[in-house]
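Trainee: Model the structure of this input:
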Amino acid sequence: MELFKAYCRDFLRYRHLLENLVGRDFKLKYRRSILGMLWSILNPLLMNVVMVIVFSTILDMRGGGIENFPVYLIIGQLLFTFFSEATGAAMGSVLASSALLRKVYIPKYIFPLEKVCFALVNCVFSFIALIVVMLFTRAPLYLTVPLALYPLLTLFVFSLGIGLVLATLTVFFRDVVHLWAVFLTALNYFSAIFYDPMALPDSPAVEMLQNFICFNPVYWYITAFRGAVLDGRLLTVDELLVCGICALVALVVGLIVFRKQQDKFVLHM
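Mentor: Have a look, this model is predicted:
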C-alpha cells in the first residue's frame, strides 16, 4: 500500500511533465508529415482493406463463421497494435532518457508510463478507422458499446505492467529488444486477430491450439472488446475476471520489479 501511495504522489507531482512528454511524442511522430495525425486513421484503415482482401478473397476465409469480418479484423488489429506499440516503446524508454536521468531527478517510471499513454491516445484516434469500417459495412450500433472501455482500460494497465518489466530487463540485457520483437510476431498469430479459434474444425491439434490461446491475456481483451462492440452482448464473468486480474497482476509485478532495480539503472546506461 505504501508503494502505491508513493507512486500516486509522484504521479500527481509530475503529471504536467507526463502531458508534455506525450505532446512531444506526437510532434516527433508526425513531424514533416503532410497528413500528420490522419495517419493514425489511414494506417489501420488501409491495413484492414489489404488484410480483408487477402483473407476474404485470396484465402477464402470470409466464410469461417465470422460475421462482419472487416469489423472483426480491425478490432483485433487496433488492440494488438496498441499492446505492441505500448510495450515496445516502454521497453526502450528508460535507456532513451538516460542523458536526462543523469542530470535531474525524475521518477523513472514516468518514461514507460508516458509511452503507454501515448500509445493509448494514438489508439483512441485510430478508433475513427473502426467507425469508418462499421459505417461502410453497415454494422449495427449496440447499447453495449460503452462496455468496451473495460477491456481497453484493463489492456492499458496490463501493457503498463508488461512495459515496466521490459524496461527494467532492457537496461540490463539489450537482447530483450530483439527477443520481444520475435515474441510479438508469434503472439500476433495466437491472439485470434484474423480468425475465430472456436470456429475451427474439431481435431486434437485444434483443441490444443484453443487451449493455448485461452492462456493468452491479449486474446481475452480483444474478445471482450468484440463482444461489446460487434456482438452487442454484455461482458461475461470470465472476461471481467481474466481482464481485470491479468491487468492487476501485471501492474503489481511491474511496479515491484521496476522499483527494486531502478537504483541500479544508472550503472548500466
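
Trainee: Let me see the contact set for the residue nearest the centre of the chain.
Mentor: Taking C-alpha atoms, centre = their mean, the centroid of the chain lies closest to residue 83, which sits 1.8 Å from it. With contact set as C-beta atoms under 8 Å, 6 or more residues apart in numbering, residue 83 has these partners: 155, 158-159, 218, 221. Quick note: C-beta positions are derived from backbone N, CA and C, even for glycine.

Trainee: Now flag whichever of those residues is closest to residue 104.
Mentor: Taking C-beta to C-beta as the measure, residue 104 lies nearest residue 159 of the contacts of residue 83, at 26.9 Å.

Trainee: what sits against the closest one?
Mentor: Contacts for residue 159 (C-beta under 8 Å, 6+ apart) come out as 82-83, 86-87, 90, 116, 119.

Trainee: Take those and keep only those in helices.
Mentor: Within these, residues falling in helices by DSSP state H are 82-83, 86-87, 90, 116, 119.

Trainee: Now do the helices in the stretch 151-269 of the chain.
Mentor: With helices called from DSSP state H, counting those that start in this stretch, the stretch 151-269 of the chain shows them at 176-189, 204-213, 217-229, 237-261.

Trainee: mind saving the C-alpha coords of the second one as CSV?
Mentor: Taking only C-alpha atoms (Å, rounded to 0.1, in the frame of the first residue of the first chain), the coordinates of helix 204-213 have been written out as CSV:
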residue,chain,number,x,y,z
PRO,A,204,-6.7,-32.8,-31.4
ALA,A,205,-4.4,-30.2,-32.9
VAL,A,206,-7.1,-27.5,-32.9
GLU,A,207,-8.2,-28.4,-29.4
MET,A,208,-4.6,-27.9,-28.2
LEU,A,209,-4.4,-24.6,-30.1
GLN,A,210,-7.7,-23.4,-28.5
ASN,A,211,-6.4,-24.3,-25.0
PHE,A,212,-3.2,-22.5,-25.7
ILE,A,213,-4.9,-19.4,-27.0
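
Trainee: quick one, that helix and helix 217-229 angle?
Mentor: 90 degrees (axes from the mean of the first three to the mean of the last three C-alpha atoms, to 10 degrees).

Trainee: give me the low-pLDDT residue ranges for the chain?
Mentor: 1-7, 10-11, 30-37, 39, 56-65, 267-269 (pLDDT under 70).

Trainee: so what's residue 265 up against?
Mentor: Contacts for residue 265 (C-beta under 8 Å, 6+ apart) come out as 94, 98, 101, 108, 171.

Trainee: and the third one, what does it touch?
Mentor: The one in question is residue 101. Neighbouring residues of residue 101 by C-beta under 8 Å, 6+ apart: 94, 108, 265-266, 269.

Trainee: For it, pull up the helix or strand it's in.
Mentor: Assessed by DSSP states H and E, residue 101 sits inside helix 98-103.

Trainee: what about that helix, distance to the chain center?
Mentor: Here helix 98-103 is found 28 Å from its chain centre; the criterion is C-alpha atoms, centre = their mean, to the nearest Å.
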